[in-house]
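Engineer: Structure of the sequence below:
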Amino acid sequence: MIRLVLLAFLAALGGCASTGEERDPRDPLEGFNRGVYRFNEGFDDWIAKPVARTYRKALHQEIRSRVGNFFANVQDIFIGVNNFLQGKLEDGVNDWARFAFNSTFGLLGLHDVASDMGLEKHNEDFGQTFGRWGVPPGPYLILPFLGSSTVRDGAGTALDYYFAPLTEVRPIELRNTLFGLYLVNTRADLLDASQLLEEAALDKYTFQRDAFLQRRRSLIYDGNPPREKLE
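Structural biologist: Next up is the predicted model:
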């Protein structure tokens, strides 16, 4: 893992030279980010996508959906925590009720019975909580392996992983297997979306950056962001 991170850093250094083009003010680290982006693309092309394609061919959609449901159910715990931290108490209770019903009647979350009961699935994390309380996003940032982020969301991601319930699973081999399964299942679900990105975007980096920043802003304001001031 350390070697891979060093490779990402070296790749980033190769992308730091200025191209002379006008830079997006949200992305002052564009040269560095493009280097890490190229590293991530190489890792994805050579390792992540082939593994995800094999995984998707080996397992039926129904099984992959159950795997996704299991991990989504575990995530509801801290989705609820973040809703409480943002002052959205009703949503937090909803999230924990989802976890309770899916963990019992849904057989450890394999079946999403909570959605059938009308309990809405939310999307909250520590990055959104920081944004909700006024922490500015900071520069756009591409993280090795993880992809698009910002300085604020990068700090939130570190907390997300630190407090993730799976980190408490023992033995360590089982914990690592579950993390690996989660990553492969998630990548398999995104294969079609990544194919559309490759076919639609002339500059995938710019397209992905703009889409990410717009989506994160929408999530922080629950789909109703205020009008941005023009500089």
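Engineer: Point out where the chain drops to low pLDDT.
Structural biologist: Along the chain, the parts satisfying pLDDT under 70 run over 1-21, 201, 228-231.
Engineer: mind listing the helices for it?
Structural biologist: For the chain, applying DSSP state H gives helices covering 2-14, 30-43, 49-58, 61-85, 89-104, 113-116, 126-132, 151-163, 172-189, 191-200, 204-220.
Engineer: contact partners of the shortest one?
Structural biologist: Okay, so that is helix 113-116. 97-98, 101-102, 105-106, 121 (C-beta atoms under 8 Å, 6 or more residues apart in numbering). C-beta here means a position set from N, CA and C on the backbone, and glycine is covered the same way.
Engineer: Now with 6 Å, please.
Structural biologist: 98, 101-102, 105-106 (C-beta atoms under 6 Å, 6 or more residues apart in numbering).
Engineer: same question, stretch 126-146
Structural biologist: So stretch 126-146 is contacted by 5, 8, 26-29, 33, 36-37, 82, 85-86, 149-154, 156, 159-160, 209, 219-220 (C-beta under 6 Å, 6+ apart).
Engineer: at 7 Å instead, please
Structural biologist: For stretch 126-146, contacts defined as C-beta atoms under 7 Å, 6 or more residues apart in numbering pick out 5, 8, 26-29, 33, 36-37, 39-40, 43, 82, 85-86, 148-154, 156-157, 159-160, 209, 213, 219-220.
Engineer: Give the buried subset of those residues as a ChimeraX selection command.
Structural biologist: Selection of the buried residues among those in ChimeraX, burial being defined by 16 or more other C-beta atoms under 10 Å:
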select :8,27,29,33,36,37,39,40,43,82,85,86,148,149,150,151,152,153,154,156,157,159,160,209,213,219,220
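Engineer: how about the helices of the chain in JSON lines, adding distance to residue 144?
Structural biologist: Listed next are the helices of the chain as JSON lines, based on distance: least, C-beta to C-beta, whole Å:
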{"stretch": "helix 2-14", "distance to residue 144": "4"}
{"stretch": "helix 30-43", "distance to residue 144": "6"}
{"stretch": "helix 49-58", "distance to residue 144": "17"}
{"stretch": "helix 61-85", "distance to residue 144": "22"}
{"stretch": "helix 89-104", "distance to residue 144": "30"}
{"stretch": "helix 113-116", "distance to residue 144": "34"}
{"stretch": "helix 126-132", "distance to residue 144": "17"}
{"stretch": "helix 151-163", "distance to residue 144": "11"}
{"stretch": "helix 172-189", "distance to residue 144": "14"}
{"stretch": "helix 191-200", "distance to residue 144": "18"}
{"stretch": "helix 204-220", "distance to residue 144": "15"}
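Engineer: Right, I'll call it a day here.
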